[in-house]
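*Asks:* Mind folding the following:
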Amino acid sequence: MKMSQSQQQPALSKCPGCEEPPAAGDLFCGACGYDLSAVPARPDDRPTVAITVPPAAPEAPAAPPARAAEAVRWPAAPETDSSDVPAPVHRPSDLPGTDSGGRPLAEQEREQAQQREQAQEPGVAAERGAPVGPGPGAEPVGGPEPSAAAVRHDDRAAPAAAEHPGDFALAAPDPRTAEHSAAPAAPAAPPAGGQVCVACRSGRVDPDGYCENCGHAQPRERDHMEQELDAVAAVSDRGLRHHRNEDSFAVSSTALPDGSPAVVAIVCDGVSSASRPDEASAAAANAANESLLDSLARGTHPQQAMHEAIVAASEAVNALAQEPAGAMEHDAHRHQNAPACTLVGAVMAGELLIVGWVGDSRVYWVPQDRTQPTARLTEDDSWAAQMVAAGLMNEAEAYADERAHAITGWLGADAYELEPHTAAFKPDRPGLVVVCTDGLWNYAESAEEMAAAVPADAQEHPLRGAQVLVGHALDGGGHDNVTVALLPFAVRSQGAGSGCETV
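*Replies:* Below you'll find the predicted structure:
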């Protein structure tokens, strides 16, 4: 709209002086000569205010004049956390406001509550066992309630009125009744006996992992896990495409009978096409770790201890097939076959490095001196590896095939036959042992690519190195769960030669 058009006077139906209708375009009345250009604007005329330039809120806490609008200043919504939980949505009821007369809404609602209490005789209501206040359809004395109170969104009208069947209690007090001051409000106390929702910060989390107040799904504990010991560190992440983390790991250390240390790292990858893969990987990792700690402390040879640990892990996963599946509503689209997973592990004991595996998770050797050759210490139980071993395809052709990652060995009740693989090495120089699932090595498949992805200071800072490797997989696309454990192997250099000598 142009400014000249906005300043024109409105058309008049009659002259203010003699009430004769003027002709169109007349500046003076033809009957009495009244100056029509001097007609004042209507008293109820309201100028249009651009919505892009809201009037500033008054600094003083005094009530604004009638029909005056204040600019609503929304608080900044918190950022999402690392589990990508959406930031909570702020509703108008989360802020203090005023009615059209300038009164705080909380004061208005208190008055309406008093009117409802006066609408009935408290004594009669008490005798009948009914809550004090109007029943459904009742009107307070003096006419119907204002329209602002027609819909209830809280139970603050009166303590007794909250017992009305149509009311419900909010998980947190209504912010409109709180006193607002310059000092930041103290964080809400956690609900008694429960976890606080990460989204609304006030609701209780039910056993299924959802907030009872706002309904948000809570991040699972296994979405991102980290653990660091003196000689080993591990990191596991859900990745960017999966809705849950089906990997698991266990890292630990113990002492051999002669007092020398032994370090253990177990990494398991749940088979997504099986039921409850997350439970399978966790059961396998825990069982293998406990078995190794027990066997090593008793003086069992580390390679034999690794074999026994894989058998124990297989038995733990097999036992899951005998258990009831429990609440499977969220897994209705999955095949209800036996839980299954892969396993790979490494043990450093004395001067030996022992590795064991079933499936396609891997162990890499990265020497501290990067000019020395690197090595992959495991062979996949997969379709691609079988094609290469049979001489039917070279490695590049096999792993480019869509069937490449179909595994031929796993832990589970429906496995064809358990064939634990173990190998013993005696490194002649310091280096780093990388134990990982295919969620990582898909983005660093060859030993040289893995060595290039490992940061230079990973030997001294294994946790930081594991974090960098997980980040490498996420930067590459994060299509799968990612789990990696790093074990620094410190020995004195004994001259040139291969990094690992097979025992």
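*Asks:* CA atoms for contacts and neighbours, from now on please.
*Replies:* OK.
*Asks:* gap between the closest residue to residue 216 other than its chain neighbours and residue 420?
*Replies:* Excluding the flanking residues, the one nearest residue 216 by Cα to Cα, 6 or more residues apart in numbering is residue 210, at 5.5 Å. Going from residue 210 to residue 420 by Cα to Cα, to the nearest Å gives 40 Å.
*Asks:* The two: which is more packed in?
*Replies:* residue 420 (21 against 17; other Cα atoms under 10 Å).
*Asks:* residues touching the more buried one, list them.
*Replies:* Taking Cα atoms under 8 Å, 6 or more residues apart in numbering, we find residue 420 in contact with 307, 310, 311, 356, 357, 358.
*Asks:* Am I right that the third one is in a strand?
*Replies:* No - note on residue 311: no strand contains this position according to DSSP: H, G, I helix; E, B strand; the rest coil, which reports helix.
*Asks:* Name the residues that touch stretch 23-42?
*Replies:* Contacts of stretch 23-42 (Cα under 8 Å, 6+ apart): 9, 15, 16, 17, 18, 20, 22.
*Asks:* Just the C-alphas of it, formatted as CSV.
*Replies:* Taking C-alpha atoms only, stretch 23-42 is exported to CSV below (Å, rounded to 0.1, in the frame of the first residue of the first chain):
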residue,chain,number,x,y,z
ALA,A,23,-21.7,14.1,-3.4
ALA,A,24,-18.7,11.9,-4.2
GLY,A,25,-15.4,13.9,-4.2
ASP,A,26,-16.9,17.0,-2.6
LEU,A,27,-14.6,18.9,-0.2
PHE,A,28,-17.4,21.1,1.1
CYS,A,29,-21.1,20.3,1.9
GLY,A,30,-23.3,21.6,-1.0
ALA,A,31,-26.2,22.3,1.5
CYS,A,32,-24.4,24.0,4.5
GLY,A,33,-20.8,24.5,3.2
TYR,A,34,-19.3,22.3,6.0
ASP,A,35,-15.6,21.7,5.4
LEU,A,36,-15.6,17.9,4.9
SER,A,37,-11.8,17.7,4.8
ALA,A,38,-11.7,18.7,8.5
VAL,A,39,-13.7,15.6,9.6
PRO,A,40,-11.6,13.9,12.3
ALA,A,41,-10.8,10.3,12.1
ARG,A,42,-13.1,7.8,13.8
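*Asks:* Mind listing what's buried along that stretch?
*Replies:* By neighbour count on 16 or more other Cα atoms under 10 Å, the buried set for stretch 23-42 is 28, 29, 34, 36.
*Asks:* What's the mean pLDDT across it?
*Replies:* When pLDDT is averaged along stretch 23-42, the result is 68.
*Asks:* Tally up the residues packed near the closest residue to residue 407 other than its chain neighbours, please.
*Replies:* Closest residue in space to residue 407, ignoring its immediate chain neighbours: residue 382 at 4.0 Å, by Cα to Cα, 6+ apart. As a burial measure, residue 382 scores 19 neighbours (other Cα under 10 Å).
*Asks:* Residue 382 and residue 408 touch, don't they?
*Replies:* Yes - using Cα atoms under 8 Å, residue 382 is in contact with residue 408, at 5.0 Å.
*Asks:* residues bridging contact with the two, i.e. touching both?
*Replies:* Common neighbours of residue 382 and residue 408 (criterion: Cα under 8 Å, 6+ apart): residue 359.
*Asks:* Show the model's pLDDT score for residue 440.
*Replies:* On the pLDDT scale, residue 440 gets 97.
*Asks:* part of a helix, is it?
*Replies:* Yes - assessed by three-state DSSP, residue 440 belongs to a helix.
*Asks:* how close does it get to residue 388?
*Replies:* According to Cα to Cα, residue 440 and residue 388 sit 21 Å apart.
*Asks:* so where's the stretch 1-150 of the chain uncertain?
*Replies:* For the stretch 1-150 of the chain, applying pLDDT under 70 flags the ranges 1-12, 37-150.
*Asks:* and stretch 220-232, how far apart are its ends?
*Replies:* Stretch 220-232 end-to-end distance (Cα to Cα) = 24 Å.
*Asks:* Oh, that last question was meant for stretch 207-224, not what I typed.
*Replies:* 20 Å.
*Asks:* buried set for that stretch?
*Replies:* Buried residues in stretch 207-224, defined by neighbour count with 16+ other Cα under 10 Å: 209-219, 222-224.
*Asks:* for stretch 226-234, same thing?
*Replies:* For stretch 226-234, burial by neighbour count (16+ other Cα under 10 Å) applies to 226, 228, 231, 232, 233, 234.
*Asks:* what's the answer for stretch 254-265, then?
*Replies:* Neighbour-count burial for stretch 254-265 [16+ other Cα under 10 Å]: 254, 255, 256, 261, 262, 263, 264, 265.
*Asks:* Could you let me know which of those ends up closest to residue 243?
*Replies:* For those, the closest approach to residue 243 (Cα to Cα) belongs to residue 265, at 25.4 Å.
*Asks:* For my notes, confirm the closest one occurs in a helix.
*Replies:* No - applying three-state DSSP, one finds residue 265 to be strand, outside a helix.
*Asks:* Surely it and residue 348 touch.
*Replies:* No - contact criterion Cα under 8 Å: residue 265 and residue 348 do not qualify, at 9.0 Å.
*Asks:* just checking, residue 248 touches residue 237?
*Replies:* No - look at residue 248 against residue 237 with Cα under 8 Å: they stay out of range, at 9.5 Å.
*Asks:* ok, those two, which is more surrounded?
*Replies:* residue 248 (31 against 28).
*Asks:* any idea which element the more buried one lies in?
*Replies:* Using DSSP states H and E, residue 248 sits in strand 247-255.
*Asks:* Give me the residues contacting that strand.
*Replies:* 227, 229, 232-234, 236, 238, 261-270, 278, 281-282, 285-286, 289, 293, 296-297, 481-483.
*Asks:* quick one on the thing from earlier: mind listing the shared neighbours of residue 248 and residue 237?
*Replies:* residue 483.
*Asks:* Quick check: residue 235 is in a strand.
*Replies:* Yes - under three-state DSSP, residue 235 falls within a strand.
*Asks:* Excluding sequence neighbours, find me the nearest residue to it.
*Replies:* Counting by Cα to Cα, 6+ apart, the residue nearest residue 235 is residue 226, at 4.4 Å.
*Asks:* residue ranges with poor pLDDT in the stretch 201-350 of the chain?
*Replies:* Those would be 323-336, if you go by pLDDT under 70 across the stretch 201-350 of the chain.
*Asks:* Tell me the secondary structure at residue 284.
*Replies:* helix.
*Asks:* give the contact list for the nearest residue to it once chain neighbours are set aside.
*Replies:* Counting by Cα to Cα, 6+ apart, residue 284 lies nearest to residue 313, which is 4.3 Å off, once chain neighbours are set aside. By Cα under 8 Å, 6+ apart, the contact set of residue 313 is 283, 284, 285, 286, 287, 288, 411.
*Asks:* Thank you, goodbye.
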